[in-house]
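Colleague: Need the 3D shape of this:
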Amino acid sequence: SIEKSREENKNKKLEGTQFGYLNTAILDYPLFYLEKILLIMQQKERYKTEIMNAIKDTQFEDALVEIISNFSNKNEIGPRGISSSLNIIYQLIMSDYKMILRKVLREHCLKQLVILIKRKQFIAIQEWPGYPINEGTQIANSIFINTLKIIKIAADLNGITENIISIDFFLNLKNAFYVLPKENYKIVMNILNSLISSRHDGIVQSTCFDYFSKQQNLKFIDTYNMLKDVHNKDLVIEVLLFLSSLCRKSRDVYPNVHQLNILPDLKNLLEYNESGFKSRVCNLLGNMCRHNEFFYEHIKSSGILPPLLKCCYDNDKATRKFACFAIGNAAFLNDSLYESFRPIIPRMVELLKDPEDNTRANSAGALGNFVRCGDQLAEDLVKYKAHEALLQLAETQDTPQIQVIRVALFALGNFCNNPMIKAELEKIN
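Modeller: Okay, here's the model as predicted:
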């Protein structure tokens, strides 16, 4: 009937969607079969060259990129076809097909991909007329995840520009946690870590920081318990790296990070027997103490210091390095944690002979900071011959990195401001 036809046409133009067919469209079938051919290529290496040569000869990438770049309700393609197209593009990029990569990285195409990761887009495809709910969810997930994988590649290659992030890019990424299964959270965090890294475009990096330094945009970490799932190792590590980058950049984010109440989770991760967790937690704690003393008392009352000190004895070199870094920063601005650090002095002296230059530098810096703001640890520093060990490090002939010698000299400078340690140093000469 005319009324039924009007209703179907209305369904085709559901808010948040841009596809023109209720269920399966004409182009969905060839795309589906090409997707299967690529799957065979992955499973049977002997077919790879032949299949890739056929794709290159037909210049099929132009049609694929055209499909992605110009969605409309007039295109003869449905959600299944879009899902296949995105998967094909991703697989071709991963097969080192550079031509399609160059075309996908064009700003117009990337802007269209950003539209595909809107929350309302996901929900509309999930509820698409003609699909059972489970199938709609599966297709929506596939579109979303393959789009994110392509965006991740673009982010790694500095392809995300100011114009692209201006179209609700970060809002769409944040909302992805609402619709995606938890096992796919990692790819979103991958993208965020790529964008906030120091090697990325300055405007993109600062916009990412400004957006996620706001409490309402950062609380997804707490809402979805991202630091509690110790069995999802990759996700936990990505979240720790992201928080560390935020804290490293500015003290302005400290209050909002504190609102997440992450210290109990960080304590649990330090106590968990996983070096990948421990090294990243220590690095994060160091950056939480980098700019000011905001977290000092919170760290003291949280019970996290004993497992942090234990990390100085860890077999993992990265964990030892970042534990020294965290302790040094936590002793830099005032002496409120000095008493908690008294037991670690002999180990810090031992670490001045660690095989890793950065660990030696960090332990030297920490020892110097133990007298920077007060005298209460001076007697123990002399007792465990920290002054002698630092002098030996500064005078070593084993050509360590110049940074190690520089830090050792700065530490000795702090020691010379303490009359007791200065007198002991003078005895050596």
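
Colleague: Could you use CA atoms for every contact and neighbour count after this?
Modeller: Will do.

Colleague: Please identify the helix or strand for the nearest residue to residue 162 once chain neighbours are set aside.
Modeller: Leaving aside its sequence neighbours, residue 162 sits nearest to residue 204 (C-alpha to C-alpha, 6 or more residues apart in numbering; 5.9 Å). Per DSSP states H and E: residue 204 is located in helix 202-212.

Colleague: Give me the next element, helix or strand, following that helix.
Modeller: Going down the chain from helix 202-212, the next helix or strand is helix 215-218, by DSSP H and E.

Colleague: Remind me what that following helix packs against, helices and strands.
Modeller: helix 254-259 (3 or more C-alpha pairs under 8 Å, 6 or more residues apart in numbering; DSSP states H and E).

Colleague: So which residues make contact with the helix it packs on?
Modeller: Outside helix 254-259, the residues that touch it by C-alpha atoms under 8 Å, 6 or more residues apart in numbering are 213, 214, 215, 218, 243, 247, 288, 294, 295.

Colleague: now, among these, which is nearest to residue 320?
Modeller: residue 288 (17.5 Å; C-alpha to C-alpha).

Colleague: Could you report the pLDDT at that closest one?
Modeller: Note on residue 288: pLDDT of 98.

Colleague: Wait, it touches residue 248, no?
Modeller: Yes. Look at residue 288 against residue 248 with C-alpha atoms under 8 Å: they come within range, at 7.3 Å.

Colleague: Which residue of those two possesses the greater neighbour count?
Modeller: With neighbours defined as other C-alpha atoms under 10 Å, residue 288 and residue 248 compare such that residue 288 has more, 29 against 19.

Colleague: which residues does that one contact?
Modeller: Counting by C-alpha under 8 Å, 6+ apart, residue 288 has contacts 244, 247, 248, 254, 295.

Colleague: Please enumerate the helices of the stretch 101-250 of the chain.
Modeller: 107-116, 119-126, 133-156, 162-165, 169-179, 185-196, 202-212, 215-218, 220-223, 233-249 (DSSP state H, counting those that start in this stretch).

Colleague: out of those, nearest to residue 65?
Modeller: With distances scored as C-alpha to C-alpha, the stretch of those nearest to residue 65 is helix 107-116 (7.3 Å).

Colleague: relative orientation of that closest one and helix 133-156 in degrees?
Modeller: 140 degrees (axes from the mean of the first three to the mean of the last three C-alpha atoms, to 10 degrees).

Colleague: how deep is residue 313 tucked in, by neighbour count?
Modeller: Residues near residue 313, counting by other C-alpha under 10 Å: 16.

Colleague: Tell me how many other residues surround the residue lying closest to it once chain neighbours are set aside.
Modeller: Leaving aside its sequence neighbours, residue 313 sits nearest to residue 320 (C-alpha to C-alpha, 6+ apart; 6.7 Å). Per other C-alpha under 10 Å, the neighbour tally for residue 320 reads 29.

Colleague: How much space separates residue 320 from residue 108?
Modeller: 46 Å (C-alpha to C-alpha, to the nearest Å).

Colleague: Ok, residue 59 next?
Modeller: Applying C-alpha to C-alpha to residue 59 and residue 108 gives a distance of 20 Å.

Colleague: go on, residue 39?
Modeller: Taken as C-alpha to C-alpha, the span from residue 39 to residue 108 is 28 Å.

Colleague: cool, and residue 221?
Modeller: Using C-alpha to C-alpha, which is the criterion applied here, residue 221 is 31 Å from residue 108.

Colleague: Nothing else from me, thank you.
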